[in-house]
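Q: Curious how this folds, go ahead:
(chains A, B, C and D)
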Protein chains: 2
Amino acid sequence: MDKIPRPVIRRLGLYYRCLSKLYEEGVDYVASRDIAERLGIKSSQVRKDLSYFGEFGKRGVGYNVAMLMEKLESIIGVDKYWNVIVIGAGNIGSALVNYEGLKKEKFNIIGIFDADRAKVGRKIGNLIVRHISELKEFVKKNIVEIAVIAVPETAAQYVVEQLEQLGIKGVVNFAPIKLRTHLLVEEVDITLTFKSLVFQVERKI
Amino acid sequence: MDKIPRPVIRRLGLYYRCLSKLYEEGVDYVASRDIAERLGIKSSQVRKDLSYFGEFGKRGVGYNVAMLMEKLESIIGVDKYWNVIVIGAGNIGSALVNYEGLKKEKFNIIGIFDADRAKVGRKIGNLIVRHISELKEFVKKNIVEIAVIAVPETAAQYVVEQLEQLGIKGVVNFAPIKLRTHLLVEEVDITLTFKSLVFQVERKI
DNA sequence: TAGATTGTTAATCGATTAACAATC
DNA sequence: TAGATTGTTAATCGATTAACAATC
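A: Numbers count the residues shown, from 1 in each chain, chains lettered A, B, ... in the order given. Below is the predicted model of the structure:
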């Protein structure tokens, strides 16, 4: 199968979100131009992106909202529930467990782990913080394909190596460090985002 | 002044972080090749990126770590403290207030606001949640250039319009919506990140 | 049919990388 | 000097966009 450019992958999520909204608004058919306008991109980009996966539109008419939504759901892989574990029960880890957005999008956080015995046993949302030593057993008993790394930078590399051994497939990494791993990694780098913003704020003046 | 490509802006932060580490490790001089290796990019990219801002290296020798670190600090704009306000005292807003990473990088969150009266008055970190109606007065009294939008999607557009009127310059947006605004915006889209990851996880099999 | 919009190709734009003269 | 590494140019690569024949 064709290699899909990274920017396209991200936009698939945007298209899906846009289609969901249109569906709720009761729209039956939508043109690439309308989708593009809502997202602030070009209509030819919408059509090109979708064309990596098939022909979903009707010339002269547009795309059937419900149909395209379902197609995108299955293309992205959110037509099923995903079990997620969170490593690190600090601020970020806790916030994710309580975050409604993930639940709504079929990401179920089923376990949270920490190395700090003081945190173990605490309740976060519906979960009890487990000690990191229980991780292996937990992953054996449950189907877990993706994990969140929300530990301090110093522990992140060690954690990703553990996850690799346990057969986890992909990681969302909140630690500000380049992980050396064969796993699929998506980075969320909060302080980098703030720095990027202030650079632009300073320059604009 | 030359337009700096977006990817370069992001990498500036990575370089800065890398230099800080080298500095702590007691390294005096570093070659672009070493920086590149640590970040998983090409050395010519490091040199090209830096060349947008000046000539910081010595041929045959490399870059003086302390000097380049300071230069980057000032280029990015983190040679001073930034006051930040957070709109929305839910999960994400609270987590940010308590997040050490931002404090360490000179981003001071000095106020958190919410429209929900039930949340007003609550203590989060050192802050008391204020009602959104106090926002205007607060921004008048304090120097605030950047804000975080951590409200539900339905409120985000309204909030950014308020911020625009109050003279805020830039926004870190956690709401899953394309904001229509003249302000500088950096997006942090958590569920999109998860979707992007599962797309790749599914494809890799 | 006439008007609209797709899917796709080719042109354009922008970012990355290789290569190398300059120079420490 | 000989070896190393920069700064910069030109080549390459990849992504976006315009344009349009196909077709609903």
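
Q: And for whichever residue of chain A sits closest to chain B, nearest residue in space, chain neighbours not counted?
A: In chain A, the residue that lies nearest chain B is A:A95 (3.6 Å; C-beta to the nearest C-beta). No exception for glycine: its C-beta is placed from N, CA and C like everyone else's. Nearest in space to A:A95, with sequence neighbours left out and distances taken as C-beta to C-beta, 6 or more residues apart in numbering or on different chains, is B:A95 at 3.6 Å.

Q: so where's chain A shaky on pLDDT?
A: A:1, A:205 (pLDDT under 70).

Q: near DNA strand C, which residues of it?
A: By the rule C-beta under 7 Å from any atom of the strand, the part of chain A lying against DNA strand C is A:30-33, A:43-44, A:47-48, A:50-51, A:55-63.

Q: and these near chain B, which?
A: When C-beta under 8 Å from any C-beta of the partner chain is applied, no member of those is adjacent to chain B.

Q: Can you show me the helices along chain A?
A: For chain A, the helices defined by DSSP state H cover A:6-24, A:32-39, A:43-51, A:65-76, A:91-98, A:100-104, A:135-141, A:153-165, A:190-204.

Q: Which positions within the longest one qualify as buried?
A: By that I understand helix A:6-24. Buried positions in helix A:6-24, judged by neighbour count with 16 or more other C-beta atoms under 10 Å in any protein chain shown: A:8-19, A:22-23.

Q: phi, psi of A:F56?
A: phi -110, psi -10 (degrees, to the nearest 10).

Q: count of neighbours near it?
A: The tally of other residues near A:F56 (other C-beta atoms under 10 Å in any protein chain shown) stands at 16.

Q: So it sits against A:A66, correct?
A: No - taking contacts as C-beta atoms under 8 Å, A:F56 lies outside contact range of A:A66: 11.5 Å.

Q: can you tell me which strand in chain A is longest?
A: Counting by DSSP state E, the longest strand found in chain A is strand A:107-114.

Q: does any part of it sit near chain B?
A: Yes - judged by C-beta under 8 Å from any C-beta, strand A:107-114 and chain B are in contact via A:F107.

Q: That strand vs helix B:190-204, what angle?
A: 100 degrees (axes from the mean of the first three to the mean of the last three C-alpha atoms, to 10 degrees).

Q: which residues sit against strand A:107-114?
A: Outside strand A:107-114, the residues that touch it by C-beta atoms under 8 Å, 6 or more residues apart in numbering or on different chains are A:81-90, A:93-94, A:96-97, A:102-103, A:120, A:124-125, A:127, A:129-132, A:134-135, A:138, A:142, A:144, A:148, B:191, B:194.

Q: Quick one: buried ones out of these?
A: A:82-90, A:93-94, A:96-97, A:102, A:120, A:124, A:127, A:129-130, A:132, A:135, A:144, A:148, B:191, B:194.

Q: Done for today, thanks.
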